[in-house]
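J.: Below: sequence and its predicted model.
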Amino acid sequence: MKIVIDTAACDNQSEVIGGCALALQNDKNLELILTGNDEEINKILALYNVDRKRLEIIDAKEIITNEDVPTEAIRHKTESSLVKAYEALKRDDVIGLISAGSTGAVLSGSVLRLGRIRGIHRPALAPILPTIDGKEVCLIDCGANVDCRPEFLVEFALMGVSYMKSVYGIESPRVGLVCNGVEDKKGNELTKEVFARLKRLPINFVGNMEAREAMSGNYDVLVCDGFVGNVLLKSVEGTAKLVLSTLKSTIMADGMAKFGALFMKKAFGNVKNKMDYQQKGGAPLLGVEKVVVKAHGASNKDAIQAAIRQVIKMYEGKLVDNIKSKLDELNAVSENA
């Protein structure tokens, strides 16, 4: 199986390419296509022992940056590493794409160069967050669509259910609607309408959810528009940084605490790893015709390897086909309503 990776549009190209090289070393069945400046790619690859028979490089001298207007860049920067990656993704033997570049460009490229699944109005970003009980919860959408209609969120719910079932093996994912209260009548006009629609669907909808319960372990899919989802995600990230930073500074300020921390080193490491987005890979873009993962701009080698494993799991779980099946169920419910 082949995966195409945009190596240029990121904060640290050497980390992205290094992650690709390590992934090839660790998985003998993996084949990769790297897009970007071929000279730079080869220079970095020379530091690793890589089987070149399982590696293809597509030269791309242009880069789409965060300063570019996404749709215009996808249309006009045809020699960019991201556009070249989407061209490669159209091949029958390529199962997915990974990019740590501009979120807007990845989204625009998926719609303009790849195409949405029929029946999906808007693709959505669906990162995975850790829960208190050591499991995972899918947040959809986390920023791709800040202005939404009710039908968009209904589709987000179906895609989130398909993702958690296909990739994480949860037979009946519990779906919560992010709201300002758990009562059925809470929320704005959008969430009230979405609540009523989700109640009618053949999914395990457990009702409204307050943001403080996002990582409680009581939910498998959190549904919201991209504005709310992005605020929720950034709040979680900021809180995690605050807790870890405060814990470190408090320990360093006290001699006895430093001594005690030596015995807690492994536990602290486990906590840090649990909260580290680099261990999760990236946020899949659900609702398009093939697997696309948006990696963090500052992804390191571990994050890229995790993203590659993520693409493989989504492909092997037949995620795109399962989303299509869920849409068929939605259409059947609509026709009988």
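T.: Now that the structure is in, tell me what you want to look at. Owing to the predicted nature of the structure, the values given are computational and were not obtained by experimental measurement. Numbers count the residues shown, from 1 in each chain.

J.: longest helix anywhere in the protein?
T.: helix 226-252 (DSSP state H).

J.: Kindly report the domain assignment for the chain.
T.: 1-120+287-337, 124-279 (automatic domain parsing).

J.: any idea where the strands of this structure begin and end?
T.: For the chain, strands defined by DSSP state E occupy the ranges 2-6, 31-36, 55-59, 94-99, 124-125, 128-130, 136-140, 174-179, 204-210, 221-223, 282-286, 291-295.

J.: how about JSON lines for these, with distance to V320 and mean pLDDT added?
T.: To be clear about C-beta, it is placed using only N, CA and C from the backbone, and glycine gets the same treatment. Below are these laid out as JSON lines (distance: least, CB to CB, whole Å; pLDDT from 0 to 100):
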{"stretch": "strand 2-6", "distance to V320": "15", "mean pLDDT": "97"}
{"stretch": "strand 31-36", "distance to V320": "19", "mean pLDDT": "96"}
{"stretch": "strand 55-59", "distance to V320": "23", "mean pLDDT": "96"}
{"stretch": "strand 94-99", "distance to V320": "10", "mean pLDDT": "97"}
{"stretch": "strand 124-125", "distance to V320": "14", "mean pLDDT": "96"}
{"stretch": "strand 128-130", "distance to V320": "18", "mean pLDDT": "92"}
{"stretch": "strand 136-140", "distance to V320": "15", "mean pLDDT": "95"}
{"stretch": "strand 174-179", "distance to V320": "20", "mean pLDDT": "97"}
{"stretch": "strand 204-210", "distance to V320": "22", "mean pLDDT": "96"}
{"stretch": "strand 221-223", "distance to V320": "17", "mean pLDDT": "98"}
{"stretch": "strand 282-286", "distance to V320": "9", "mean pLDDT": "94"}
{"stretch": "strand 291-295", "distance to V320": "7", "mean pLDDT": "96"}
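
J.: Distance to K241 for those strands - can I get that in CSV?
T.: Conversion of these to CSV gives the following (distance: least, CB to CB, whole Å):
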stretch, distance to K241
strand 2-6, 27
strand 31-36, 31
strand 55-59, 36
strand 94-99, 25
strand 124-125, 21
strand 128-130, 14
strand 136-140, 18
strand 174-179, 22
strand 204-210, 22
strand 221-223, 21
strand 282-286, 18
strand 291-295, 19
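
J.: out of these, nearest to N322?
T.: With CB to CB as the criterion, N322 lies closest to strand 282-286 of these, at 10.5 Å.

J.: so the spatially most central residue of the chain bridges to which residues?
T.: The centroid of the chain falls nearest to A283 when counting by CA atoms, centre = their mean (0.7 Å). The residues listed as beta-bridge partners of A283 by DSSP bridges are K294.

J.: first to last residue in stretch 2-16, what's the distance?
T.: Taking CA to CA, to the nearest Å, the first and last residues of stretch 2-16 lie 17 Å apart.

J.: For it, buried residues please.
T.: 2-10, 13, 15-16 (16 or more other CB atoms under 10 Å).

J.: returning to that earlier point: what helices or strands is the longest helix of the chain leaning on?
T.: Counting contacts by 3 or more CB pairs under 8 Å, 6 or more residues apart in numbering; DSSP states H and E, helix 226-252 packs against strand 124-125, strand 136-140, strand 174-179, helix 255-263, helix 265-275.

J.: averaging pLDDT over each of the domains of the chain, which comes out lowest?
T.: With a mean of 87, domain 124-279 has the lowest mean pLDDT of the domains of the chain.

J.: Report how many residues lie close to E316.
T.: 12 (other CB atoms under 10 Å).

J.: And it, how close does it get to D328?
T.: For E316, the distance to D328 equals 22 Å [CB to CB, to the nearest Å].

J.: Kindly export stretch 325-333 (C-alpha atoms) in PDB.
T.: Extracted as PDB, the C-alpha positions of stretch 325-333 are listed here (Å, rounded to 0.1, in the frame of the first residue of the first chain):
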ATOM      1  CA  SER A 325     -23.200   3.200   4.300                       C
ATOM      2  CA  LYS A 326     -24.200   5.500   7.100                       C
ATOM      3  CA  LEU A 327     -25.400   8.100   4.600                       C
ATOM      4  CA  ASP A 328     -27.600   5.500   3.000                       C
ATOM      5  CA  GLU A 329     -29.100   4.900   6.500                       C
ATOM      6  CA  LEU A 330     -29.700   8.600   6.800                       C
ATOM      7  CA  ASN A 331     -31.400   8.800   3.500                       C
ATOM      8  CA  ALA A 332     -33.600   5.800   4.400                       C
ATOM      9  CA  VAL A 333     -34.700   7.500   7.600                       C
END
